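Enquirer: Quick one: sequence plus predicted model below, questions after.
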Amino acid sequence: MAGGGGSADLAPTVAVKVFAAGTAGCVADLVTFPLDTAKVRLQIQGESQPSLKGQRMKYRGVFGTIFTMVKTEGPRSLYSGLVAGLQRQMSFASVRIGLYDTMKQFYTRGSENAGIGAKLMAGCTTGGMAVAFAQPTDVVKIRFQAQGCLPESGSVKRYSSTFDAYKTIAREEGVRGLWKGCLPNITRNAIVNCSELVTYDIIKELILKYNLMTDNMPCHFVAGFAAGFCTTIVASPVDVVKTRFMNSAPGKYSGAINCALTMLMKEGPTAFYKGFMPSFLRLGSWNIVMFVSYEQLKRGVIRLQQSLESPL
């Protein structure tokens with residue numbers, strides 16, 4: 001992702017990109033987390049009693065879901081799993097976004113002119129690498145976001161804290177339980193990473209190439225919004241399967257493919273786009289906040305480095 005602008009034309013190092021990406025991911029999560037929680041609740045709705053047609057759904061629409069959660073569980077429920085979410089972003093966004101430019105150069109053997117193939121390969125690679133670091137935090141985040149739904153089936157809350165969640169999952173499901181849904185998550189994140197980063201990269205390059213905008217915040221806003229929209233369309237089916245599978249009780253599904261087939265048979269193809277609107281609202285706003293923050297953080301760190309290195 002091309003940098004630029006004023007005194008910040010000095011290329012940021014890999015360490016700066018990794019730090020800026022992780023921090024920007026956390027900022028974006030803080031802003032959009034209620035939308036993500038609403039998306040998870042809508043995605044798993046109907047999972048336990050899918051055969052009861054005409055049943056009254058507890059959640060309707062993103063804002064209806066948020067209103068219902070605040071009314072029945074309190075405002076704090078919107079940020080259930082936030083600690084795990086921030087842990088996820090620091091380990092996840094820093095790898096998949098911060099190392100994207102490095103992987104592009106790897107696939108082009110150091111060339112700055114990366115084609116669409118190299119960009120797609122770089123996106124898939126860093127997306128897959130990030131899952132290896134962040135999968136346990138993703139499992140815990142989704143379990144926390146979903147557990148408010150459990151009392152309707154007579155269950156109690158699974159976990160009392162983030163640390164308790166890690167410990168309980170490892171004890172009851174084995175260490176492998178913390179990497180539950182790893183394959184669908186790798187698939188999802190390869191798709192998401194390609195959609196987000198490659199779309200952002202291409203849109204930003206076109207804007208700058210045709211002098212529609214300068215390399216500033218409005219440009220980053222437009223490119224981030226486009227990235228969020230494309231990502232939602234492409235990644236929603238895999239995202240729903242990932243959420244269902246990671247949140248499921250041990251033994252409910254034999255694997256991610258079985259989870260997808262069960263959804264298709266019992267709930268129909270529209271189940272793969274459950275929570276689409278909150279997904280779009282969340283991914284669109286998340287991408288805008290993340291990319292704008294990422295670009296500004298990179299420039300801010302470079303300016304700080306320059307001021308520290310300049311003579312008094």
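Expert: Structure's in. What do you need? Numbers count the residues shown, from 1 in each chain.

Enquirer: pretty sure Pro12 is touching Ala21, no?
Expert: No. If you go by Cβ atoms under 8 Å, Pro12 and Ala21 don't touch, sitting 10.5 Å apart. (Each C-beta comes from the backbone N, C-alpha and C, glycine too.)

Enquirer: More neighbours: the two, which one.
Expert: Shown here are Pro12 and Ala21; by other Cβ atoms under 10 Å, Ala21 has more neighbours (28 against 20).

Enquirer: quick one: that one and Leu208, what's the gap?
Expert: Separation of Ala21 from Leu208 (Cβ to Cβ, to the nearest Å): 21 Å.

Enquirer: Pass me the low-pLDDT residue ranges in the stretch 101-250 of the chain, would you?
Expert: Applying pLDDT under 70 to the stretch 101-250 of the chain flags the ranges 148-157.

Enquirer: Now do the strands in it.
Expert: Using DSSP state E, counting those that start in this stretch, no strands are found in the stretch 101-250 of the chain.

Enquirer: can you tell me how far Trp160 sits from Gln147?
Expert: Check again: residue 160 is Ser, not Trp. On the measure of Cβ to Cβ, Ser160 and Gln147 end up 11 Å apart.

Enquirer: Val289 now?
Expert: Relative to Gln147, and taking Cβ to Cβ, Val289 is found at 26 Å.

Enquirer: Leu208 too?
Expert: Distance, Leu208 to Gln147, using Cβ to Cβ: 45 Å.

Enquirer: neighbour-wise, which of those two wins?
Expert: Just comparing Leu208 and Gln147: by other Cβ under 10 Å the higher neighbour count belongs to Gln147, 19 against 16.

Enquirer: Quick check: the more buried one vs Met246, distance?
Expert: Separation of Gln147 from Met246 (Cβ to Cβ) stands at 12 Å.

Enquirer: Repeat that for Asn216.
Expert: 38 Å.

Enquirer: for this structure, which helix is longest?
Expert: Assignment by DSSP state H gives helix 276-309 as the longest helix of the chain.

Enquirer: Give me the helices and strands touching it, please.
Expert: The helices and strands touching helix 276-309, judged by 3 or more Cβ pairs under 8 Å, 6 or more residues apart in numbering; DSSP states H and E, are helix 14-44, helix 62-73, helix 217-247.

Enquirer: Quick check: buried residues in stretch 69-81?
Expert: Across stretch 69-81, burial judged by 16 or more other Cβ atoms under 10 Å covers 69, 77-81.

Enquirer: for stretch 112-125, same thing?
Expert: Quick answer for stretch 112-125 (16+ other Cβ under 10 Å): 114, 118-125.

Enquirer: what's the neighbour count on the residue lying closest to Met90 once chain neighbours are set aside?
Expert: Using Cβ to Cβ, 6 or more residues apart in numbering and skipping residues adjacent in sequence, the residue nearest Met90 is Gly22, 4.5 Å away. Using other Cβ under 10 Å, Gly22 has 22 other residues around it.

Enquirer: Looking at Gly22 now. What's its pLDDT?
Expert: pLDDT for Gly22: 96.

Enquirer: Next one: it relative to Phe163, how far apart?
Expert: 21 Å.

Enquirer: Same check on Pro75?
Expert: 23 Å.

Enquirer: Also Ala24?
Expert: Applying Cβ to Cβ, one obtains 26 Å for the distance of Ala24 from Phe163.

Enquirer: So for these two, which residue has more residues nearby?
Expert: Shown here are Ala24 and Phe163; by other Cβ under 10 Å, Ala24 has more neighbours (25 against 12).

Enquirer: can you name the two of the buried residues of stretch 112-125 that are farthest apart?
Expert: With Cβ to Cβ as the measure, no two of the buried residues of stretch 112-125 lie farther apart than Ala114 and Cys124, at 13.7 Å.

Enquirer: number of nearby residues for Glu267?
Expert: 15.

Enquirer: typo on my end, it should be Ala223
Expert: Neighbour number of Ala223 under other Cβ under 10 Å is 27.

Enquirer: list the contacts for it?
Expert: 199-200, 203-204, 207, 291 (Cβ atoms under 8 Å, 6 or more residues apart in numbering).

Enquirer: how about a cut-off of 10 Å?
Expert: Neighbour list for Ala223: 1, 199-208, 213, 287-288, 291-292, 295 [criterion: Cβ atoms under 10 Å, 6 or more residues apart in numbering].

Enquirer: Any chance of a PyMOL selection covering the buried ones in those residues?
Expert: Restricted to buried positions by 16+ other Cβ under 10 Å, the PyMOL selection for the contacts of Ala223 reads:
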select buried, resi 1+199+200+201+202+203+204+207+208+213+287+288+291+292+295
